[in-house]
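S.K.: Predicted structure and sequence below. I'll ask about it afterward.
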Amino acid sequence: MCETETKKKFNAIDGETLMDMNLPRTKFVIKGILPQGLAIIAGAPKIGKSWLMLDWCVKIAKGENIWNFKTTKGTTLYLCLEDNDNRIQDRLLTITDEVTSDVYFVTDCCSLSDGLEEQIRNFVNEHSDTVLIVIDTLQKVRQNTKDISYASDYKEIETIKKIADELQIAILLVHHMRKQDDRDPLNKLSGTNGIAGCADTIFTLDRSKRSQNSATLICTGRDIEYREFELNFNKDDCVWNLIADSSENPDMLMPDEMNLLIEMMKEIENFNGSNAEFVDEYNSRTGKNMTARLLKRMMNKWSYELEENGVYFESFRDKNVRGLKIRYEFVGDDGDVKYDENTAL
């Protein structure tokens, strides 16, 4: 921060000097996925975020791989602020046969306004090999304030980010998602964009309609590439298993044409007409130059993903004209589509 009594000058560095500096590389707690700094994982209530975080904390403390990714072995601290010791013990007995003494659990702590920073620093001072602290949930440590502005959210989250950067660890906040669906993971977090804007890494865990126990983990951030993981929840040991990785299978990622279709349907909500009329509407709104046949082929290929984003369509033939009924339905935070009887196909 600038000192008011001193001359205000930038602490600038020239490009040549910067290029020659031997700067430390970004360190990862989970290689390629979770770097040091502030991260947030958001998902609908009861989707299984806490099971995932518990598994990560235990495996990182043991130095075990998470899926097929290497981890940096070190002490982990899990602030289970919605649980008690009995529930944590039951969950540990479910997910593993062996727990190292390098993973710690807390069920009660101070808030950001009355001592959480000091508690974190004291813990890391006592456990110098700490690599990860999970706070489950963010809401439990937030300040009681009526100010819900971007600036207020950013300032509050920035407090945690500064601790993570100072201590050179990863702090992972468990958070909730908005009820309204959005293809941009940064817009899915509950609260203003100040929360996502301050974080280094964002994860969203969304239910998949393909299987009752499946979900998609979307990862994005300043130091990682965008990727999507298809996961399956094993009810026997309550562990999320990796099914597919978009970095290994680029076909998992829905093309821009379909993302634009979703945004268009959010605006118009319903369409009932010929394929030719629909592609004209689509091209005029998106700036694309698609043919009706190509657009329909892509829609058929990505029908599961379109439905997961609230877009439902049905083809029909009226005499010699091929037509399309298509609608957008709001997707709630329980993962279920909220149908409107007036627009149902």
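M.R.: Received the coordinates, thanks. Numbers count the residues shown, from 1 in each chain.
S.K.: Give the full set of residues in contact with Ser111.
M.R.: Contacts for Ser111 (C-beta atoms under 8 Å, 6 or more residues apart in numbering) come out as Lys140, Val141, Arg142, Gln143, Asn144. Heads up, the C-betas are built off the backbone N, CA and C, glycines and all.
S.K.: Please indicate which of the residues you listed are buried?
M.R.: Buried by 16 or more other C-beta atoms under 10 Å: Val141, out of the contacts of Ser111.
S.K.: I'd like to know which of the contacts of Ser111 are part of strands.
M.R.: Taking DSSP state E, every one of the contacts of Ser111 sits outside strands.
S.K.: Wasn't Thr100 part of a helix?
M.R.: No. Looking at Thr100 with DSSP: H, G, I helix; E, B strand; the rest coil, it is coil, so not inside a helix.
S.K.: tally of neighbours for it?
M.R.: Neighbourhood size, Thr100 [other C-beta atoms under 10 Å]: 16.
S.K.: Now do the contacts for it.
M.R.: Going by C-beta under 8 Å, 6+ apart, Thr100 touches Val58, Ala61, Lys62.
S.K.: Now the second one: which helix or strand?
M.R.: Element membership of Ala61 [criterion: DSSP states H and E] is helix 49-62.
S.K.: residues in contact with that helix?
M.R.: Here helix 49-62 makes contact (C-beta under 8 Å, 6+ apart) with 29-30, 34, 41-43, 65-66, 71-78, 80, 82-83, 88, 91-92, 95-96, 98-100, 102-103, 131-132, 134, 136, 172, 174, 205, 233, 238-240.
S.K.: Just the buried residues of the residues you listed.
M.R.: Neighbour counting over the contacts of helix 49-62 (16+ other C-beta under 10 Å) leaves 29-30, 34, 41-43, 66, 71-78, 80, 83, 88, 91-92, 95-96, 99-100, 102-103, 131-132, 134, 136, 172, 174, 205, 233, 238-240 as the buried ones.
S.K.: any idea where the strands of this protein begin and end?
M.R.: With DSSP E as the criterion, the chain has strands at 28-30, 34-35, 37-43, 75-80, 103-106, 130-136, 170-176, 201-207, 214-221, 227-234, 239-245, 270-274, 311-318, 321-328.
S.K.: which stretch among these comes nearest Ile262?
M.R.: Taking C-beta to C-beta, strand 311-318 is the member of these nearest to Ile262, at 5.6 Å.
S.K.: Give me the angle between that closest one and strand 321-328.
M.R.: Between the axes of strand 311-318 and strand 321-328, defined by axes from the mean of the first three to the mean of the last three C-alpha atoms, to 10 degrees, the angle is 160 degrees.
S.K.: Enumerate every residue touching Gln139.
M.R.: Here Gln139 is in contact with His175, His176 (criterion: C-beta under 8 Å, 6+ apart).
S.K.: Counting residues, name the longest helix you see in the protein.
M.R.: Looking across the chain with DSSP state H, the single longest helix is helix 150-167.
S.K.: Please save the CA atoms from it in PDB.
M.R.: Presented in PDB, the C-alpha positions along helix 150-167 are these (Å, rounded to 0.1, in the frame of the first residue of the first chain):
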ATOM      1  CA  TYR A 150     -18.300  -7.000  -5.300                       C
ATOM      2  CA  ALA A 151     -15.800  -4.900  -3.300                       C
ATOM      3  CA  SER A 152     -16.900  -6.400   0.000                       C
ATOM      4  CA  ASP A 153     -16.700 -10.000  -1.300                       C
ATOM      5  CA  TYR A 154     -13.300  -9.400  -3.000                       C
ATOM      6  CA  LYS A 155     -11.800  -7.800   0.100                       C
ATOM      7  CA  GLU A 156     -13.000 -10.700   2.400                       C
ATOM      8  CA  ILE A 157     -11.600 -13.400   0.000                       C
ATOM      9  CA  GLU A 158      -8.400 -11.400  -0.500                       C
ATOM     10  CA  THR A 159      -7.700 -11.800   3.200                       C
ATOM     11  CA  ILE A 160      -7.500 -15.600   2.800                       C
ATOM     12  CA  LYS A 161      -5.500 -15.300  -0.500                       C
ATOM     13  CA  LYS A 162      -2.900 -13.200   1.200                       C
ATOM     14  CA  ILE A 163      -2.400 -15.800   3.900                       C
ATOM     15  CA  ALA A 164      -2.100 -18.600   1.300                       C
ATOM     16  CA  ASP A 165       0.500 -16.600  -0.600                       C
ATOM     17  CA  GLU A 166       2.400 -15.500   2.500                       C
ATOM     18  CA  LEU A 167       2.600 -19.100   3.800                       C
END
